[in-house]
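*Asks:* Structure of the sequence below:
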Amino acid sequence: MKRIKVIIPAYNEQDSIGRVIKDIPAFVDEIIVVNNNSSDTTAAVAVKAGATVLDEPRAGYGYACLKGMEYIADKKDKPDIIVFLDGDYSDYPEELVKLIAPITDNDIDFVIGARNKIFREKGAMTAQQVFGNRLATFLMRLIYKSKFTDLGPFRAIKYEKLLQMQMTDKTYGWTVEMQLKALKQKMSYIEVPVRYRNRIGVSKVSGTVKGTIMAGIKIIGWIIKYSFK
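*Replies:* Got it, this is the predicted structure:
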């Protein structure tokens, strides 16, 4: 059986984080919740639900993911697969089984949970999210001939391949950086359709004008940057 660890960045997700942890399959070795400067009881709820909780006071999705990776790097026993999952309960954690299957069964390096419209609850993605995804994936197809259709945060990757990427983005560009590096490094990848529902609470990125603009700038910036490398 492959050793699997889940990293969940979480900022003010006290109402959802317990549900997320509860629905993650029992065969997962460790659930790591990175409390990203929350002002509520996210950390306490996550501990009670059985997760390992790390504190990352620097605000930023990438900062939280990197904190989780640093923690794993310091452990003696390393995982085979890392799964990234949001803490807002918009994804279905039990579908982790679908995400890891291409890795365990077919030796694929990297799997994206694609939030296809047919499996997406009405209103679960804002118009700006849909547009941003389409633009980013169009540019990746145009420049890199990729087959990505989504920048979905629910994703699984071989641990050794994740290390090989040498991830650096601290904020909004984390997901697209990972996909671009998978393309540049000729990793095998696949998308798996996953269900997607309205999140609990308000999005910290797409729910604000500033967050939407900053995320868009970061994502397009990464794509342009890599096109000249």
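*Asks:* host element of the spatially most central residue of the chain?
*Replies:* Centroid check for the chain by CA atoms, centre = their mean gives Pro153 as the closest residue, at 3.0 Å. Using DSSP states H and E, Pro153 sits within no helix or strand.
*Asks:* List the residues that contact the residue lying closest to it once chain neighbours are set aside.
*Replies:* Once flanking residues are discounted, Pro153 sits nearest to Asp86: 5.0 Å by CB to CB, 6 or more residues apart in numbering. Where you see a C-beta, it was placed from the backbone N, CA and C, and this is true even at glycine. Counting by CB atoms under 8 Å, 6 or more residues apart in numbering, Asp86 touches 8-9, 20, 153-154, 199.
*Asks:* how about the helices in the protein?
*Replies:* Assigned by DSSP state H, the chain shows helices spanning 17-23, 42-48, 61-73, 96-106, 127-144, 159-165, 174-184, 209-227.
*Asks:* got TSV for these, with mean pLDDT too?
*Replies:* Listed next are the helices of the chain as TSV, based on pLDDT from 0 to 100:
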stretch	mean pLDDT
helix 17-23	98
helix 42-48	98
helix 61-73	97
helix 96-106	98
helix 127-144	85
helix 159-165	98
helix 174-184	93
helix 209-227	65
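*Asks:* Stretch 178-195: which residues count as buried?
*Replies:* Residues 178-183, 187, 189-195 are the ones in stretch 178-195 that count as buried (16 or more other CB atoms under 10 Å).
*Asks:* Lys181 and Met165 touch, don't they?
*Replies:* Yes: with contact defined as CB atoms under 8 Å, Lys181 reaches Met165; the gap is 4.3 Å.
*Asks:* What is the burial count for Phe110?
*Replies:* Neighbours of Phe110 under the rule other CB atoms under 10 Å: 24.
*Asks:* show me the residues around the closest residue to it other than its chain neighbours that make contact.
*Replies:* Counting by CB to CB, 6+ apart, Phe110 lies nearest to Tyr189, which is 4.2 Å off, once chain neighbours are set aside. The contact partners of Tyr189, taken as CB under 8 Å, 6+ apart, are 108-112, 147-148, 179, 182-183.
*Asks:* if we can go back for a sec, most tightly surrounded among the helices of the chain?
*Replies:* Ranked by mean neighbour count, the helices of the chain are led by helix 174-184 with a mean of 22 (mean count of other CB atoms under 10 Å).
*Asks:* Could you figure out how far it is turned away from helix 127-144?
*Replies:* Computed with axes from the mean of the first three to the mean of the last three CA atoms, to 10 degrees, the direction of helix 174-184 lies at 20 degrees from that of helix 127-144.
*Asks:* Model confidence score at the nearest residue to Thr137 once chain neighbours are set aside, please.
*Replies:* The shortest distance from Thr137 to any non-neighbouring residue, by CB to CB, 6+ apart, is to Phe148 (5.0 Å). Looking at Phe148, its pLDDT reads 96.
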